[in-house]
Every structure is written in C-alpha cells, then in structure tokens.
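*Asks:* return a 3D structure for these sequence lines:
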Amino acid sequence: MTEGAVARRYAQALFDLAGKHDLVEPINRDWQSFIKSIRENDRLFDILISKVISKDHQKVLLKSIFEHDIHPLMLDFLCLLIDKDRIAIVSDISFYYQQLIWQKNNIMPVQLITAYPLPSEQNQQLQQAVSELLNKNVLFDITVNDSLIGGAVLKIGDTTYDGSVKNQLRTIKQLLVN
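*Replies:* A predicted model of the protein is given here:
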C-alpha cells in the first residue's frame, strides 16, 4: 500500500472518530497547529521520526509539548502514529483530513494565477462564476505571476486551464516549428 493510501486511511479514521464526538473542526485546528510547529522546528520532527529514540520517549516529549495545546483525541492519535511508525506522514494525513472537511462542506479549492493583480470586484465576480459553474463553494487562492505576461491560469483540482499569453506564445511557437 502506498503512503498516500495509508495517509488517506488514517485521515478517514480520525475524521470519522472526530465526527462522532463533534470535534471535526477543533481537530483540524489542532492539525494546523501541530503541522506549523513541526515545520518551524525541524529538530522536533527529527526526534519524532528518529529510530534511535524510543517510542516511549517520543510520546513523552510529544505530550509534554502539546498536552495543553491540542485536544486529547488528537494527542492520542499522534501517539498512535508514533507506535505504528507513521508519524513521518503526518503532513499527508493532515492534507487528506482537510480534503475530507472540504468534501463534507461542499468546498472546492481553486487557484487563480494572474499576470497582474485584479480588482476585488473582478475577483468576486470570477469566484461567483466558478462557484456556480462547479456548484460548490469555492475557496479561492489568488497569486500574481508577472511571467505570464497577460491572461490567467485557473487550477481546479487536477485540471489546469491555461489562458496565459505565455502559454499562447508557446503554442504558436510549436505550431511554427512543426
């Protein structure tokens, strides 16, 4: 089984358990806090994934750092990941947990990359149009990349719609070369 499949199963198990206790959102906040902590402190993550340090010491360290900051259910889950040698995939599990929340709430993340900043009114109109097209609540992430020259790139899930001038010039070049 691939790590992605394993991470999805752990995320689904935690999501189901959190749902039974009405803790889906609090656990998600705990995920964000924990992931932020291990990204900011590489040494902590190295200790948690270490094969040299005993699992008991790793769990004691984990509890001493996070026992007042995250829900006991989340803390127990992280200890389970240490016991099962799966703590190294916490970022993947967190990602899939977030996906489950979006799915539950009918939310679709969409990334829009433009060559220059768009007025807020235009952003809202575009967001509403994409939301109506997908029949989902859209979570818009807008970034500016001036290398596009003009136009925009829209990423919805695994699909990319490239309407940039840069892409159009690349297509024209390929046509001329052929």
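
*Asks:* from now on I want contacts and neighbour counts done on CA atoms only, so please keep to that.
*Replies:* Noted.

*Asks:* now stretch 63-72: mean pLDDT?
*Replies:* The average of the pLDDT scores along stretch 63-72 is 94.

*Asks:* now the end-to-end length of it.
*Replies:* The straight-line separation of the ends of stretch 63-72 (C-alpha to C-alpha, to the nearest Å) is 9 Å.

*Asks:* which ones are touching Ser147?
*Replies:* If you count contacts by C-alpha atoms under 8 Å, 6 or more residues apart in numbering, Ser147 has them with 115, 166.

*Asks:* please begin residue numbering at 899 from this point
*Replies:* From this message on, residue numbering opens at 899, which makes the last subject Ser1045.

*Asks:* and it, how far is that from Gln910?
*Replies:* Distance, Ser1045 to Gln910, using C-alpha to C-alpha: 39 Å.

*Asks:* check which helices and strands whichever strand or helix holds Val958 is in contact with.
*Replies:* In this assignment (DSSP states H and E), Val958 forms part of helix 953-964. Secondary structure elements in contact with helix 953-964, counted by 3 or more C-alpha pairs under 8 Å, 6 or more residues apart in numbering; DSSP states H and E, are helix 940-947, helix 970-981.

*Asks:* switch to 10 Å and redo it
*Replies:* The criterion is 3 or more C-alpha pairs under 10 Å, 6 or more residues apart in numbering; DSSP states H and E, and the helices and strands that helix 953-964 contacts are helix 922-938, helix 940-947, helix 970-981.

*Asks:* same for the last one, what does it pack against?
*Replies:* For helix 970-981, the packing partners by 3+ C-alpha pairs under 10 Å, 6+ apart come out as helix 901-918, helix 922-938, helix 953-964.

*Asks:* recalculate using a threshold of 7 Å.
*Replies:* Other elements packing on helix 970-981 under the criterion 3 or more C-alpha pairs under 7 Å, 6 or more residues apart in numbering; DSSP states H and E are helix 953-964.

*Asks:* which positions in the helix it packs on come out as buried?
*Replies:* For helix 953-964, a neighbour-count test (16 or more other C-alpha atoms under 10 Å) marks 953, 956-957, 960-961, 964 as buried.

*Asks:* would TSV of those residues with distance to Glu1019 be doable?
*Replies:* Listed next are the buried residues of helix 953-964 as TSV, based on distance: C-alpha to C-alpha, whole Å:
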residue	distance to Glu1019
Lys953	53
Gln956	50
Lys957	50
Leu960	46
Lys961	47
Phe964	42
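
*Asks:* now, the most widely separated pair of those?
*Replies:* Comparing all pairs in the buried residues of helix 953-964 by C-alpha to C-alpha, the longest separation belongs to Lys953 and Phe964, at 16.2 Å.

*Asks:* state the distance from Asp1044 to Val1008.
*Replies:* In this structure, Asp1044 and Val1008 are separated by 19 Å, where distance is defined by C-alpha to C-alpha.
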